[in-house]
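J.: prediction below, plus the sequence it came from.
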Amino acid sequence: MKQFFKEKEIEADFIIISNADEFIKYRTWILPTIIINGKIVARGYRPSKNKMLNSVERN
């Protein structure tokens, strides 16, 4: 995913959440969970490049 964002010249921070408090904050327990701009984009799978791009464009 980092490479995809880099190719599209989209600035993004990637954070690995590994403690229970963060899981509670985002109300998820399914891995991986992809969160873009505070919104859950995908849980339990790697989203397509188009879905990630659409999520970024909408925010």
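T.: Ah, there it is.

J.: which residues sit against stretch 51-59?
T.: Residues outside stretch 51-59 that contact it (Cβ atoms under 8 Å, 6 or more residues apart in numbering): 1, 4-5, 8, 10, 12, 34, 36-37, 39, 41-42, 47. All C-beta spots, glycine's among them, are computed from the backbone N, C-alpha and C.

J.: apply 7 Å and report the result again.
T.: Applying Cβ atoms under 7 Å, 6 or more residues apart in numbering, the contact partners of stretch 51-59 are 1, 4, 8, 10, 36-37, 39, 41.

J.: for it, buried residues please.
T.: Neighbour counts over stretch 51-59 (16 or more other Cβ atoms under 10 Å) mark 52, 55-56 as buried.

J.: ok now that stretch, how far from the chain's centre?
T.: Offset of stretch 51-59 from its chain centre (Cα atoms, centre = their mean, to the nearest Å): 10 Å.

J.: do you have the strands of this protein handy? List them.
T.: Ranges of strands within the chain are 33-36, 39-43, based on DSSP state E.

J.: using CSV, list the CA coordinates for the shortest one.
T.: In other words, strand 33-36. Provided in CSV are the C-alpha atoms of strand 33-36 (Å, rounded to 0.1, in the frame of the first residue of the first chain):
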residue,chain,number,x,y,z
THR,A,33,-8.3,-3.0,9.3
ILE,A,34,-7.5,-0.2,6.9
ILE,A,35,-8.4,3.3,8.2
ILE,A,36,-8.1,6.3,5.9
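
J.: starting at the chain centroid, how far to it?
T.: Its chain's C-alpha centre and that of strand 33-36 lie 2 Å apart, by Cα atoms, centre = their mean.

J.: partners of that strand, with directions?
T.: Sheet pairing of strand 33-36 (DSSP bridges) gives strand 39-43 (antiparallel).

J.: which residues touch the strand it pairs with?
T.: Contacts for strand 39-43 (Cβ under 7 Å, 6+ apart): 26, 28, 30, 33-35, 47, 51-52, 55, 59.
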